[in-house]
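Q: generate a structure from the sequence data that follows.
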Amino acid sequence: MATQTLTLTAPAKLNLMLRILGRRADGYHELQTVFQLLDFGDNLVFRSTDDHQIHLHCPGVDVSSEQNLVYRAAALLRQASGNSDLGAHISVEKLLPAGGGIGGGSSDAAATLLGLNQLWQCGFDLNALAELGRQLGADVPVFVHGHSAFAEGVGERLTTVSIEPRWYLVLTPACHVSTAALFSDPRLTRDSAAITLAALRDRRLNTHWLDEYAGNDFQPLVEDLYPEVRQAREWLAQHAKAFLTGSGACVFAGFESENAAQAVFNVRPKGWEGFVARGVDESLAHRQLAKFAARV
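A: Got it, this is the predicted structure:
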């Protein structure tokens, strides 16, 4: 197999709404959420090798553990392919914070499945890759399929949606929120009413729909446990409707234009981190894969 190099962007996501419907008999929770992909994320460079090893390089991050999601994704795909001779060098440029609720680790894992499936010529379709991804985390399948979606179950049952374009300002408080600790906390809301598929209005979600169903059941608990998250959201709420995303620390608000979002970002308190990005229906990684496939 000829050595090839492929670069993919592992996009961030926002949960524009998130409801926890109840706890299942197996201990997992039934959710409903809307995943909005962004045109911003980590950058991964994949190079096929002939040394039968998986090498992972990520400046500033400890990747020595084989429990790293990128390493696990590569090893899982190689195992599924049945070819233990496959090798790769993977370099990760981390731009997304860990524990932020914007999908950094899950998106990196999905990009790894997509990228190495292409380089190693495994031939798995998206459904098969998503099934592998589900073994790594509940959010991995949406990144594998690469489209904004309405999700149910633990996040694995996906309905593709088209979301009215907006620009988002995301603030990343300096704390790491533990998803496991949130799910085990007795104060967590677990009885929200479900949204029916009929409410999706032909799978096209405009700002009126999003305003009607906006909210995140994790938000009150996270803000109680992490005051810096509440502080960031309340500051952002002075400029636009602001919410927590996922079960992490990041908060966000939507704006009609990049200039409007950037203007607010520029006056944020000193020392606060974050970014401005555009909401997109299709993952940047999928666009990059299509261009790569067209060249080879």
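Q: residues near residue 206, how many?
A: Counted with other CB atoms under 10 Å, the neighbours of residue 206 add up to 11. C-betas here are computed from N, CA, C, even on glycine.
Q: show me the contacts for the residue most central in space within the chain.
A: In the chain, the residue lying closest to the centroid (CA atoms, centre = their mean) is residue 103, at 2.7 Å. Applying CB atoms under 8 Å, 6 or more residues apart in numbering, we find residue 103 in contact with 11-13, 96, 139, 143, 246.
Q: ok, now with 10 Å
A: Taking CB atoms under 10 Å, 6 or more residues apart in numbering, we find residue 103 in contact with 10-15, 35, 37-38, 41-42, 96, 109-110, 137, 139-140, 142-143, 245-246, 248, 250.
Q: can you show me the helices along this structure?
A: For the chain, helices defined by DSSP state H occupy the ranges 69-81, 104-119, 126-134, 140-145, 179-184, 207-213, 219-225, 227-236, 258-265, 284-295.
Q: redo these as TSV? Include distance to residue 25, mean pLDDT and mean neighbour count.
A: Shown next, in TSV, are those (distance: least, CB to CB, whole Å; pLDDT from 0 to 100; neighbours: other CB atoms under 10 Å):
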stretch	distance to residue 25	mean pLDDT	mean neighbour count
helix 69-81	27	96	20
helix 104-119	25	97	27
helix 126-134	19	97	19
helix 140-145	22	97	27
helix 179-184	15	87	13
helix 207-213	27	87	14
helix 219-225	23	96	18
helix 227-236	31	97	18
helix 258-265	43	98	16
helix 284-295	35	94	14
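Q: Throw those into JSON lines and include distance to residue 193, thanks.
A: Converted to JSON lines, the helices of the chain look like this (distance: least, CB to CB, whole Å):
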{"stretch": "helix 69-81", "distance to residue 193": "33"}
{"stretch": "helix 104-119", "distance to residue 193": "27"}
{"stretch": "helix 126-134", "distance to residue 193": "26"}
{"stretch": "helix 140-145", "distance to residue 193": "23"}
{"stretch": "helix 179-184", "distance to residue 193": "20"}
{"stretch": "helix 207-213", "distance to residue 193": "10"}
{"stretch": "helix 219-225", "distance to residue 193": "17"}
{"stretch": "helix 227-236", "distance to residue 193": "23"}
{"stretch": "helix 258-265", "distance to residue 193": "31"}
{"stretch": "helix 284-295", "distance to residue 193": "33"}
